[in-house]
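J.: Mind looking at a prediction? Sequence and model below.
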Amino acid sequence: MDIDGRPHRVYVEEAGPAGGGGIPLLLLHTAGSDGRQWRDLLNDPDITARFRCIAFDMPWHGKSSPPAGWQEERYQLTTAGYTGLVMTMARALGLDRPIVMGCSIGGRIVLDLAAEHAAALRGVIGLQGSAFTGRYYDLSVLHHPHIHGGEVCGALVSGLIAPTAPEAGKWETLWHYMQGGPGVFRGDLHFYAEEGDLRPKLARIDTTRCPVTLLTGEYDYSCRPADTLATAAAIPGAKTVIMQDLGHFPMSEDFARLKPHLLPALEAMAGLTTPPRGAA
């Protein structure tokens, strides 16, 4: 497919109702990682029975290679480029007013999507989402010839995982980070920690046209609960939950704890009223 006028090969996974159909749910992974973070959600029958769940690897991430000529450039994510990518993917997949859910950088960009493309969306859900974060460490260490890029990326995000997370979920999340391409995490954080300040756009979000729900784990010094609450306070009608015993990667570190918060948000946004299978 063409993205910004250049040919790309983009890797997509999806799971949904038997026989097709379902409400489209487009899933955005975190900075420096890939769509494997959504593995537990893609295997959850309570969600896939009703939603067409679609996770794609952003270009330069996971199984989506960079475009030809990448060796001559530096990867750098911007607000306009990220929003454009999501809408390009939605059109290419023929999605009719999808719900878009993202985490971290994905939890940030859904705010721009709600401000700029409300009519094309059914709603947005931000996990660990806030309008701005800023830099809180020297980002140059993420791409330095004297430092193992993958291991330092894993080390830096390890403190963002809740101490209550199961060991398997914690280490799978970190493994994804340790496999990232050189400079990719740094390039994503250009958007997250430098360029992507969405605070001026919050007043433009109309939740009667595009509902907004923000779900944030309490163990997170990157997107702090206070940051999410301040963001939600600036968006009339936005819904917020601060989730106990969860950190910055709720869908991959501990999906079982995320699910009770996520299911009601999905049901409300989709206008579904029948209790999900297996719900308490």
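T.: Received, thanks.
J.: Give the next helix or strand downstream of the helix or strand of the chain with the lowest mean pLDDT.
T.: Lowest on mean pLDDT, DSSP states H and E among the helices and strands of the chain sits helix 149-158, with a mean of 86. The helix or strand immediately downstream of helix 149-158 is helix 167-178, counting by DSSP states H and E.
J.: got the angle for that next one vs helix 149-158?
T.: 130 degrees (axes from the mean of the first three to the mean of the last three C-alpha atoms, to 10 degrees).
J.: what comes into contact with helix 167-178?
T.: Residues outside helix 167-178 that contact it (C-beta atoms under 8 Å, 6 or more residues apart in numbering): 32-34, 36-37, 150-151, 153-154, 157-158, 161, 185, 249, 252-255. C-beta: built from backbone N, CA, C; applies to glycine.
J.: Just the buried positions in that helix, please.
T.: Across helix 167-178, burial judged by 16 or more other C-beta atoms under 10 Å covers 169-174, 176-178.
J.: just checking, residue 114 is part of a helix?
T.: Yes. Residue 114 sits within a helix when classified using DSSP: H, G, I helix; E, B strand; the rest coil.
J.: Count the residues that sit near it.
T.: Neighbour count for residue 114, taken as other C-beta atoms under 10 Å: 27.
J.: With residue 35 instead?
T.: 24.
J.: Break down the stretch 151-280 of the chain into its strands, ranges please.
T.: Applying DSSP state E, counting those that start in this stretch to the stretch 151-280 of the chain gives strands spanning 212-217, 239-243.
J.: I'd like the C-alpha coordinates of the longest one written as CSV, please.
T.: Extracted C-alpha coordinates of strand 212-217, given in CSV (Å, rounded to 0.1, in the frame of the first residue of the first chain):
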residue,chain,number,x,y,z
VAL,A,212,-13.7,9.3,24.3
THR,A,213,-12.7,6.8,27.0
LEU,A,214,-9.3,6.9,28.8
LEU,A,215,-8.2,3.8,30.8
THR,A,216,-4.9,4.3,32.7
GLY,A,217,-3.1,2.0,35.1
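J.: what's in contact with it?
T.: Here strand 212-217 has contacts from 107, 110-111, 114, 123-130, 162, 205, 223, 225, 228, 231-232, 235, 237-243, 245-248, 250, 258, 261-262, 265, 268-269, using C-beta under 8 Å, 6+ apart.
J.: Surely residue 100 and residue 111 touch.
T.: No. With contact defined as C-beta atoms under 8 Å, residue 100 does not count as touching residue 111 (10.6 Å).
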